[in-house]
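Q: give me the fold of what follows.
(one chain, ligands or ions: 2)
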Amino acid sequence: MQFASIWREPPMADPLILGIETSCDETGIAVVEGFSVRSSVLASQTEVHARFGGVVPEVAARAHVEAIRPLVHAALTQAGVHSDQIAAIAATRGPGLSGALLVGFSFGKALAWSLDKPFIGVDHMEGHLFAPRLEHAGYEPPAVVLLASGGHSQIVHMRAWGEYEVLGQTIDDAAGEAFDKLARFMGLGYPGGPAIDEESTDGDPAAIAFPRALRDRPYDFSFSGLKTSVVTSLEKAKQAGSVPPLPDVAASIQEAIVDVLVDKTFNAVDATGAKVVAGGGGVLANRRLRERFAAAAAERGVDLYLPTPALCTDNGAMIGAVGAYRLERDMVDTWLQDVDAGLRLG
Ligand code: KG4
Ligand code: ZN
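A: Ligands and ions are numbered 1, 2, ... in the order given. Down below sits the predicted model:
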């Protein structure tokens, strides 16, 4: 009697992608299966940079070099997969710090080459655009998406996956940069966003009326004047001997930033008639911003998709998600592709 072997490797539902993110100060590595996260690990450098009050590019690149190999190993182990099972490797190509980008990009390319797998260079901001899809199957274009991080603040009209129109952006500082600079001024440390978020907990957001800039432009932001206003108003208060409580200052600053982010994003929702609104980037981890987004979306009856805070900030899974999308369409890159620190969406 003969037995035919019918045992095969159980097929994966979707191809496995290794996602690598090293554009700034987080080494993020993940294994995604299509748009499902199998593992996502992170080595944060915030402590290393905190004593300098901001990210030092050379220090960031070196820290990525130290972290990347053990993290890739950890991501594969946690996902329960061997590197041979990976269908493609996706790594952030830009925008970001050149030295930092080069670490993840070169590592990813070398690994893909040695495993004989396709390599995909990913736009970091497109990663943030894809992040909500990792948790919400209903998140589909057309959608209006607010991208707000340490380096960027943009309102994007995503007509289809891969089809992005930047409706508006900051003309000076990014929203996260404003949080970081103001927190440093108030002695709250780095990164400033989470510090101001925390300090605001029992503060009164209406205590001080800080300016909301560029009211005449529906989708653009400006945050540089806010810092001047905070500095002058606190100096005046000091001279008058009536310095407001720190939680009130923090909550008022946060409200000024959140107000314009919400107003302008929903200007775009109203103008485009989009039924889906979403967000990505570290600033979207802000509790007050999330509350205000939820209220504005509910008022209009549009669907809101925000990633959990860990997927708002930089991570490898969002890079893997773009990789999964691109691999399915055969949009892989050649070995000649290089990083592009100034890459721009759309
Ligand atoms: O997307 P991200 O992790 O890195 C970049 O691509 O820049 O964003 C980092 C930025 C920092 O400026 C940080 O202060 C800000 O996101 N951020 C926050 C919060 N968590 C992180 N801003 C406000 N509230 C938060 N809870
Ligand atoms: Zn980012």
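Q: check contacts around Gly108.
A: Contacts here follow CB atoms under 8 Å, 6 or more residues apart in numbering; on that basis Gly108 touches Leu18, Ile20, Ile89, Ala90, Ala91, Phe119. Yep, even glycine has a C-beta here, placed from its N, CA and C like the rest.
Q: scratch that, Ala90 is what I was asking about
A: Each residue near Ala90 by CB under 8 Å, 6+ apart is listed here: 17-20, 108, 119-122, 319-320, 322-323, 326.
Q: with those in mind, which one is nearest to ligand 2?
A: Of all the contacts of Ala90, the one with the least separation from ligand 2 (CB to the ion) is Ile319, at 10.2 Å.
Q: I figured the closest one hits Ile89, correct?
A: No - taking CB atoms under 8 Å as the contact criterion, Ile319 and Ile89 are not neighbours in contact, 9.9 Å apart.
Q: so how far is Gly281 from the residue in the stretch 101-250 of the chain positioned nearest to ligand 2?
A: Across the stretch 101-250 of the chain, no residue is closer to ligand 2 than Ser149, which sits at 4.1 Å (CB to the ion). With distances taken as CB to CB, to the nearest Å, Ser149 is found 3 Å from Gly281.
Q: returning to that earlier point: what is the burial count for the residue of the stretch 101-250 of the chain closest to ligand 2?
A: One way to gauge burial is a neighbour count; for Ser149, by other CB atoms under 10 Å, it gives 25.
Q: check it and give its pLDDT.
A: At Ser149, the pLDDT value in this model is 95.
Q: for it, what are its contacts?
A: With contact taken as CB under 8 Å, 6+ apart, Ser149 is in contact with His128, Ala174, Ala175, Gly176, Gly281, Gly282, Val283, Asp314.
Q: how about Pro247?
A: Pro247 is in contact with Glu199, Ser200, Thr201, Asp202, Gly203, Asp204, counting by CB under 8 Å, 6+ apart.
Q: now it. Nearest residue, chain neighbours left out?
A: By the measure of CB to CB, 6 or more residues apart in numbering, the closest residue to Pro247 outside its immediate chain neighbours is Gly203, 3.3 Å from it.
Q: still on that earlier bit, mutual contacts of Ile319 and Ile89, please.
A: Contact criterion CB under 8 Å, 6+ apart; residues shared by Ile319 and Ile89: Ile20.
Q: neighbour-wise, which of these two wins?
A: Set Ile319 next to Ile89 and count neighbours by other CB under 10 Å: Ile319 wins out with 37 against 28.
Q: that one and Gly94, how far apart?
A: To Gly94, Ile319 is 12 Å away according to CB to CB.
Q: how about the host helix or strand of Gly225: buried residues?
A: Using DSSP states H and E, Gly225 sits in helix 224-239. By neighbour count, with 16 or more other CB atoms under 10 Å as the criterion, the buried positions of helix 224-239 are Gly225, Leu226, Lys227, Ser229, Val230, Ser233, Leu234.
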